[in-house]
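Student: Provide a 3D model corresponding to the input given below.
(one chain, ligands or ions: 1)
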Amino acid sequence: MAAEKFEFQAEVKQLLDLMIHSLYSNRDVFLRELISNASDACDRLRFEGLTDSDLLPDEPFAVNIHVDPEARVLSVSDNGIGMSREEVVHNIGTIAKSGTAEFLRSLSKAGDPKVSLELIGQFGVGFYASFMVADEVSVLTRKAGEIEATRWTSSGDGSYEIEATERDSAGTTIQLKLKAAEGDDAIADYTDEWLLRQIVKRFSDFVAYPIHLKVEGADPPSSTEPLNSMKAIWRRPENEVSEEEYAEFYKHIAHDWNEPLLHLATRIEGNFEARALLYLPSLAPFDLYHREMAHRGIQLYVKRVFIMDECRELMPEYLRFAKGVVDAEDLSLNVSREMLQQSAQIAVIRKHLVKKTLDALTELKESDREKYQGFWAQFGPVIKEGLLDLSQKRERILELVLCESTAVEGGFTSIAEAIARMPEDREVIYYLTGPSREHLVNSPHVEAFVDRNIEVLLFTDHVDEIWLEQNPPEFAGKKFQSVLKGEIDLGSAAEKERDETKREKDAAEFKQLLDALRAGVQDHVKEVRVSNRLTSSPACLVIDEGDLSPQISELLRRSGQKVPDVKPILEINPAHPLLLKLKAVCDADSVDPRLADYATLLFGQAMLAEGGQLEDPAAFSRRIAELMLDTL
Ligand code: ADP
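Tutor: Purely as a prediction, here's the structure:
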């Protein structure tokens, strides 16, 4: 059958363009990517073979690198699972990851090639890296259990060809027509035996299958010894494994090109045995927040035999960015996903891994705050998702939380640090949530707190509104209290009493004005009352204790839930000159029509001050314009 020509999906085209035109550093990784894919393919066939031994190859699993220096051709072959024609089209011609298009847009904006490499590494482009070193790439593959083979060929210029062909046995051969070794952007000579050995040793030593190298016409002939030691890195004593080896293994399993933040090797002993090697990435993958994110997550091995990628049972969602390997001694090799969900052993391992991960992060927070802050900026919002789950140890998670604070300029605080700064007898931790620090520190609600030197924690991630509003946790016996909510009593008992007496006095004095204002905005607010929290703003809106905050109502509404219509309370500042003037107007004539207008304006500007939206912005600005005119 003749070859058929196909266009790449637009995203693939863009990615190939980037690979070919803007990545010049660290091209060696193409080989690591090909070997990783080959080793994954062997893993998968070995696993299939557990239930259907007919699928297994006659020869032991292996990865073979073949080089013809004269023709400048390098190929990587495996006798793994192979691909059907449909799989080739799907796996190699398209990128089925959600968010790819937006990710690529941000990449091409970044412009700087070095930045791009880092970012592209997060994306995990694997196979396409071949186009950094080759003018033409072909894939010859036959799926285990099938007869027909498929050849895929492309020169990375927007299209590829596919034809049916033959292959002696199942497996895949990726063949690269290498670019010239010399050139403007000096590509290393990937036909050089010494260089290839070095790259394999460095990147792929732990691969579980022998990697052989054959160089055509080499003199003396290439050795038949494998290039890699094949030692499972998680079974080697920790002090014998170098940091670089750990890092390379991470890149292999995580398909991430960046260094990991940290690794932790751990063992579970007792009724059963398991070992784990976990990693935390330094940079968040681009699809961390996409629901169908391909968590490469944790791989499960049983007695060194690969069982599955992405074993989600081994980590809770809020730690979904952790990568690594778990090798259990006493599970059945035929364990299925369903069995995993019920396995008591898996539950114990998971608990152990969660504890180790949280311990390691707590440790990092104490020992290297700067590094930890970098980590938190990337993954904090995901970790905080754990606070929504009441079955988690929320206090442990809260220990890890960093946030901004009115008491800390240009930095972060932990909750424990905030508690250490507050008087012992204060029972609550005050907080406010919103889109950014700037937004929050200028909020009228924070005023009274800042004036009295009372710290307010500022939470600026979406998830914060949810965990703080629905089932807020306690920390060290202290409750979280929003500065937006309820009546606030600040200061000592004596101060409180003084405040309360003053407020009662104000309320009595302002009664007539309060009534007049209430009449003006009764459709929009629950109540108008005198505030003791404001110092420089004339008015603010507060939420009654027990009512949903506007942000939460909005979130719930957007997710399709029915939310009761909650009206806020308008609090006015009795010491503000504007209110004093209004009081004078009201005292002179309690039905002066300007009072209702001013009530609407006060309500409107209080709404704007907290970043809310006006129901009728046009009417509001008309009133302002009239007012401006009047005062000229
Ligand atoms: P990734 O490995 O990160 O998924 P790649 O672009 O490297 O991305 O590969 C895409 C897919 O193509 C792989 O997920 C796998 O399904 C398939 N594939 C690549 N190489 C091989 C191979 N040697 N054998 C079988 N399948 C392969």
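Student: Return the residues of the stretch 101-250 of the chain in contact with the ligand.
Tutor: 124, 126-128, 172 (C-beta under 6 Å from any ligand atom). Every C-beta, even on glycine, is put in place using the N, C-alpha and C of the backbone.
Student: which one of the residues you listed has the most neighbours?
Tutor: Most neighbours among these, by other C-beta atoms under 10 Å: residue 172, with 25 neighbours.
Student: quick one: that one and residue 83 touch, right?
Tutor: Yes. The pair residue 172 / residue 83 is scored as a contact, 6.7 Å apart, by C-beta atoms under 8 Å.
Student: Can you tell me, leaving aside adjacent residues, what's nearest to the residue in the stretch 51-200 of the chain positioned nearest to the ligand?
Tutor: As assessed by C-beta to the nearest ligand atom, the ligand sits closest to residue 126 within the stretch 51-200 of the chain, at 2.1 Å. Nearest residue to residue 126, sequence neighbours excluded (C-beta to C-beta, 6 or more residues apart in numbering): residue 33, at 4.7 Å.
Student: Contact partners for that neighbour?
Tutor: Counting by C-beta atoms under 8 Å, 6 or more residues apart in numbering, residue 33 touches 125-127, 129-130.
Student: Would you map out the domains in this protein?
Tutor: The record's domain parsing of the chain by automatic domain parsing lists 4-215, 233-369, 401-482, 493-631.
Student: Switch those domains over to a markdown table; also include mean pLDDT and distance to residue 388.
Tutor: What follows is the domains of the chain, written out as a markdown table (pLDDT from 0 to 100; distance: least, C-beta to C-beta, whole Å):
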| stretch | mean pLDDT | distance to residue 388 |
| --- | --- | --- |
| domain 4-215 | 87 | 22 |
| domain 233-369 | 87 | 8 |
| domain 401-482 | 90 | 5 |
| domain 493-631 | 85 | 12 |
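Student: Now tabulate the ones you listed in JSON lines and tack on distance to residue 376.
Tutor: Converted to JSON lines, the domains of the chain look like this (distance: least, C-beta to C-beta, whole Å):
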{"stretch": "domain 4-215", "distance to residue 376": "18"}
{"stretch": "domain 233-369", "distance to residue 376": "8"}
{"stretch": "domain 401-482", "distance to residue 376": "5"}
{"stretch": "domain 493-631", "distance to residue 376": "22"}
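Student: Tell me which of those domains sits nearest to residue 394.
Tutor: Proximity to residue 394, assessed across the domains of the chain by C-beta to C-beta, is greatest for domain 401-482 (4.2 Å).
Student: And that closest one, end to end?
Tutor: One end of domain 401-482 sits 17 Å from the other (C-alpha to C-alpha, to the nearest Å).
Student: Would you tell me which residues of the stretch 351-500 of the chain are close to the ligand?
Tutor: Counting by C-beta under 6 Å from any ligand atom, none of the residues of the stretch 351-500 of the chain come close to the ligand.
Student: Taking the stretch 351-500 of the chain, what residue is nearest to the ligand?
Tutor: residue 378 (20.4 Å).
Student: where do the strands sit along the stretch 351-500 of the chain?
Tutor: 402-405, 408-414, 428-433, 457-459, 479-482 (DSSP state E, counting those that start in this stretch).
Student: Tell me which of those strands is the most buried.
Tutor: Of these, the one with the most neighbours on average (mean count of other C-beta atoms under 10 Å) is strand 457-459, at a mean of 23.
Student: Other residues contacting it?
Tutor: Applying C-beta under 8 Å, 6+ apart, the external contacts of strand 457-459 come out as 403-406, 413, 415, 418, 429-434, 437, 440-441, 465, 468.
Student: Please apply the same query to stretch 540-556.
Tutor: Residues from elsewhere that reach stretch 540-556 (C-beta under 8 Å, 6+ apart): 433-434, 443-445, 462, 465-466, 469-470, 482, 484-487, 525-526, 531, 533-534, 563-564, 566, 568-571, 603, 606-607, 609-610, 612.
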